[in-house]
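A.B. asks: Take this sequence and fold it.
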Amino acid sequence: MLYDAFPAIEVKWRFTGVEQRRTSCELCGHDIAHVYYARSNTGAVIGVGCDCINTLLDPDERGKVELFTRRMNRAAAQWSKKLPAPKDGETRDQYIVRRVTEMGNARAASNAYAAIGHQGFTDARLTARNEHKAELDDLRSKITSNYSAESNAYMQRISEIENAAIDKLHAQVEAKYKANRFDFNRQAWEVRKI
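C.D. replies: All right, here's what the predicted structure looks like:
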């Protein structure tokens, strides 16, 4: 038999990404708004819709699609609210791609942020106090016990100096993990849901 000469090859598909584009599914031909890409173990790449991707993939790969879709939907909703704010000149599609990537990096960033711990934040505040010692001493000497508006302004400036040090820590974690503090500066259980 002819079929005996060619052994059956089991084709396995892996999810490789998604793109928001109106086209038709390469498997069933239906019109689709989101193209889900899958790569086979033989090297073939196919762009299909959300239903067909689930028929192609093994159950363990389907979870990746669901997670990716959930992050895309969340990013689209965030675009509508402009929270977190888009970067200058960023289009909707660029925003969604960036936010999905940031959400994917949120857990690692959250772990790094938690590793800084209380001591790290205390050290950052102390460093800021040492760098701005003269200004802080001057502000503290002007604070009166009657809590006037002027005293409140001095206390607010002291807080701004200390918070700037904390912002530096946030920026370091954001840069290292390509994440957004909007995602990782939360309770750990909330970060896991992202």
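A.B. asks: Assign residue 46 to helix, strand or coil.
C.D. replies: strand (DSSP: H, G, I helix; E, B strand; the rest coil).
A.B. asks: Is it correct that residue 173 is in contact with residue 112?
C.D. replies: Yes. Applying C-beta atoms under 8 Å, one finds residue 173 in contact with residue 112, separated by 5.4 Å. In short, each C-beta sits where N, CA and C put it, glycine included.
A.B. asks: ok, those two, which is more surrounded?
C.D. replies: residue 173 (21 against 15; other C-beta atoms under 10 Å).
A.B. asks: measure the more buried one to residue 105 for me?
C.D. replies: Distance, residue 173 to residue 105, by C-beta to C-beta, to the nearest Å: 10 Å.
A.B. asks: which residues are common contacts for those two?
C.D. replies: residue 179 (C-beta atoms under 8 Å, 6 or more residues apart in numbering).
A.B. asks: before we move on, which element is residue 140 in?
C.D. replies: helix 133-142 (DSSP states H and E).
A.B. asks: Kindly export that helix (C-alpha atoms) in PDB.
C.D. replies: Taking C-alpha atoms only, helix 133-142 is exported to PDB below (Å, rounded to 0.1, in the frame of the first residue of the first chain):
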ATOM      1  CA  LYS A 133      19.700  67.300  54.400                       C
ATOM      2  CA  ALA A 134      20.000  71.100  54.300                       C
ATOM      3  CA  GLU A 135      16.600  71.600  52.700                       C
ATOM      4  CA  LEU A 136      14.900  69.100  55.000                       C
ATOM      5  CA  ASP A 137      16.400  70.700  58.100                       C
ATOM      6  CA  ASP A 138      15.300  74.100  57.000                       C
ATOM      7  CA  LEU A 139      11.800  72.800  56.300                       C
ATOM      8  CA  ARG A 140      11.500  71.100  59.700                       C
ATOM      9  CA  SER A 141      12.600  74.200  61.500                       C
ATOM     10  CA  LYS A 142       9.800  76.100  59.800                       C
END
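A.B. asks: list the buried ones in stretch 94-110?
C.D. replies: 95-100, 102-110 (16 or more other C-beta atoms under 10 Å).
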